[in-house]
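Visitor: Sequence below, structure please.
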Amino acid sequence: MPQMHELYALLLAFSATASAITAIIIWRRRTARGAVALLLLMLALIVWSTTYAIHWLQADPQARRFWLDATYLGVVSVPSLFFIFLLTFTQRDSWLNRQTYLLLALEPILTFLLLITDPYHGLFFAGKRAAGASDILSGGPWFWVNVVYSYGLILLAFLILLRFYLRTRRPFRRQAGLLLMGALLPWIGNITSLLGLKPPGLDLTPIVFTVTGIIFTTALLRTRLLDLVPVARSVLIEGMQDGLVVLDMQNRIVDINPSALALLDAQADAIIGQDIRTAIRHWPDIIERFQGVYEAREEVLLDGDPPRHFDVQISPLYGRGRHLTGRLITWHDISERKKADLERERLIGEMNAYAHTVAHDLKNPLNVTLGWIDLLKEIGAERLDEELNGYIRSVQQGGQLMLRIVDDLLLLATVRSQKEVPARRLSMAACIDKALDRLELLVEQSNATVVLPETWPPALGYQPWVEEIWANYISNAIKYGGTPPHIELGADVVPVGQARFWVKDNGRGLTSAEQERLFEQFERLDSTHTEGHGLGLSVVRRIADRLGGHVGVESAVGEGSKFYFTLPAPPGVWPDSRALDQ
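Guide: So this is what the prediction gives:
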């Protein structure tokens, strides 16, 4: 019949085999949280059980002693590795830094060194060990230091895990409960050995740790211990309004907050651990759209009564060493914002329609009135005195100003509402001629000088809108220019495939603060000296934007101002081209 020591060696071999199988399974999931520490723990148990089994099969006393000493390679490593694993699992990674690792390695290394050098100082065994001894549960001062250190570390890990268990909600409590069982068994087993409640000369600790390994393996296979590690609750705030789901690399739901559960009409216990495509069947098209996407942001419309709009954001999750471990999906209900946007667009449309109608209704009688004033001015030039003719001119100027305001309102409504802009190659000289014709009276009354270039660079645009830009820029240059106004028009080709057109005046110039406000609606260059409705430059900006260009100003106090706008160049015209168009 086999001897007791042979049966014990066989049991230790089984322990080493179970630990090896566990290590292989963990290796396949080595990117999961805590996997590295648990893998090293299983390797230490393999060393412990294997060397101890070999020890019991040796007949030579010196060989028995050698293999008994070799067991300490595993014995001294297990408490520190178990402690590190539980810190990682319970989300206390902040405790683990270089200094912590050094402290946790210091005592095991020192213990093993004192063990193999014991014949020189006697600190470990203190002369209590015979040449062929099998009992490793007695010794000198450092032996008991190691015992206190090891069980103190295991007890601290157990208390941390117990606190984590009490504060963890379902379903993660099952995981923590299995870990509690695994942490408690070796501690009880080794105390039983120390108290002599075991067969003489045998140490049951590696056997009990093997049971711990089996428990961890069961948890790994049945509850996905390493895959379903809880995300810190400080991130998944229970009371947050936004829905939040965490997926692992296999698209399984790792965690989910109450807002998401309410939207999905599901229970956490029922869907955690399931593939998201299986757990959430409400919106297969949306799930399929984001399948395999690790970073995105998109608005999603969910059918219902009423329909709901969500801002969905997907972000990658990384573990230690920047290993991709899964995805974080959040969604924010923007239904009210969408409803407000639609209402705003409706109001804008109504206001544009109203402005367009009112402007048309005003324009017709204004044109008739201005026509009668022109006739009265022509007839009264010889029959009326200078004072009455001055009154007629004032009425005429007021009517023309009102007509320009109406035209601006009509243009503003058109720029906002017109979807298709027929951009064609422009005749810039013709645009400016029409703009100057509209401003003939203003130029004449202000004694303004307008200097034009001989040629213009080619550009694409919509001629009625571009004419409006020139009319606004030139009229502003007259109003805010010097006395008398000296206005220069010009253009150059900028190196971005566009032409830049500008109007330069001899006015007082603008401060930086004034330049920042210029192209906003209802802002006027100088409200104390000039009357106006403040729509012109904002219309200019909208037109340039719609035509694919932009607007701007270059100015300094005392040096005048240069207002410019850009337009796209026609196809085939290079940025450095100097081809000009009459």
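Visitor: Do I have it right that Pro108 meets Ser80?
Guide: Yes - in this structure, Pro108 is within contact of Ser80 by C-beta atoms under 8 Å, at 6.0 Å. In this view, the C-beta of every residue, glycine as well, is placed from N, C-alpha and C.
Visitor: Compare these two and say which is more crowded by neighbours.
Guide: Just comparing Pro108 and Ser80: by other C-beta atoms under 10 Å the higher neighbour count belongs to Ser80, 25 against 22.
Visitor: wait, what's in contact with the residue nearest to that one when sequence neighbours are not counted?
Guide: Nearest non-adjacent residue to Ser80, counting by C-beta to C-beta, 6 or more residues apart in numbering: Leu104, 4.2 Å away. Leu104 sits next to Ser80, Phe83, Ile84 when contact means C-beta atoms under 8 Å, 6 or more residues apart in numbering.
Visitor: and for the host helix or strand of Ile287, what are the contacting residues?
Guide: Secondary structure from DSSP states H and E places Ile287 in helix 284-289. Residues outside helix 284-289 that contact it (C-beta under 8 Å, 6+ apart) are Ile276, Arg277, Ile280, Val300, Leu302.
Visitor: got the buried residues for the helix or strand hosting the fourth one?
Guide: Right, the one you point to is Val300. Assigned by DSSP H and E, Val300 falls within strand 296-302. Neighbour counts over strand 296-302 (16 or more other C-beta atoms under 10 Å) mark Val300 as buried.
Visitor: Quick one: mean pLDDT for it?
Guide: Taken as a whole, strand 296-302 has a mean pLDDT of 81.
Visitor: What strands line up against it, and which way round?
Guide: Note on strand 296-302: by DSSP bridges, its sheet partners are strand 308-318 (antiparallel).
Visitor: next structured bit after the partner strand?
Guide: Note on strand 308-318: by DSSP H and E, the next helix or strand toward the C-terminus is strand 324-333.
Visitor: can you pull the buried residues of that following strand?
Guide: Buried, per 16+ other C-beta under 10 Å, within strand 324-333: Thr325, Gly326, Arg327, Leu328, Ile329, Thr330, Trp331, His332, Asp333.
Visitor: Show me what that strand is in contact with.
Guide: In contact with strand 324-333 (C-beta under 8 Å, 6+ apart) are residues 31-33, 241-249, 254, 260, 263, 290, 294, 300, 308-319.
Visitor: Can you flag the buried ones in those residues?
Guide: 31-33, 243-248, 254, 260, 263, 290, 300, 308-312, 314, 317, 319.
Visitor: For stretch 540-553, give the mean pLDDT please.
Guide: Here the average pLDDT along stretch 540-553 is 87.
Visitor: oh, I was asking about stretch 36-55
Guide: On average, stretch 36-55 scores 86.
Visitor: Need the CA coordinates for it. CSV is fine.
Guide: Output in CSV follows, covering the C-alpha atoms of stretch 36-55 (Å, rounded to 0.1, in the frame of the first residue of the first chain):
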residue,chain,number,x,y,z
VAL,A,36,-1.2,39.3,-14.3
ALA,A,37,-1.2,39.2,-10.5
LEU,A,38,-3.4,36.1,-10.5
LEU,A,39,-1.2,34.4,-13.1
LEU,A,40,1.9,35.0,-11.0
LEU,A,41,0.0,33.7,-7.9
MET,A,42,-0.8,30.5,-9.7
LEU,A,43,2.8,30.1,-10.8
ALA,A,44,4.0,30.5,-7.2
LEU,A,45,1.5,27.8,-6.2
ILE,A,46,2.9,25.5,-8.9
VAL,A,47,6.4,26.0,-7.5
TRP,A,48,5.2,25.5,-3.9
SER,A,49,3.2,22.3,-4.6
THR,A,50,5.7,20.8,-7.1
THR,A,51,8.8,21.2,-4.9
TYR,A,52,7.0,20.0,-1.8
ALA,A,53,5.8,16.9,-3.7
ILE,A,54,9.3,16.2,-4.8
HIS,A,55,10.5,16.6,-1.2
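Visitor: buried set for that stretch?
Guide: Per 16+ other C-beta under 10 Å, stretch 36-55 contains these buried residues: 36-55.
Visitor: what's the answer for stretch 498-513, then?
Guide: 498-510.
Visitor: Export that stretch to CSV, keeping only CA atoms.
Guide: Output in CSV follows, covering the C-alpha atoms of stretch 498-513 (Å, rounded to 0.1, in the frame of the first residue of the first chain):
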residue,chain,number,x,y,z
GLN,A,498,-9.5,82.6,-53.9
ALA,A,499,-9.6,86.2,-54.9
ARG,A,500,-9.7,89.0,-52.3
PHE,A,501,-11.6,92.2,-53.1
TRP,A,502,-11.4,95.3,-50.9
VAL,A,503,-12.6,98.9,-50.2
LYS,A,504,-10.1,101.2,-48.5
ASP,A,505,-11.2,104.5,-46.9
ASN,A,506,-9.5,107.5,-45.4
GLY,A,507,-11.5,107.6,-42.2
ARG,A,508,-10.4,107.6,-38.5
GLY,A,509,-9.7,103.9,-38.4
LEU,A,510,-11.0,101.4,-35.9
THR,A,511,-9.9,100.0,-32.6
SER,A,512,-9.6,96.3,-32.0
ALA,A,513,-12.8,96.2,-29.9
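Visitor: mean confidence score for that stretch?
Guide: 89.
Visitor: quick revisit: tell me the one of the buried residues of stretch 498-513 nearest Ile543?
Guide: Nearest to Ile543, judged by C-beta to C-beta, of these is Phe501 at 12.4 Å.
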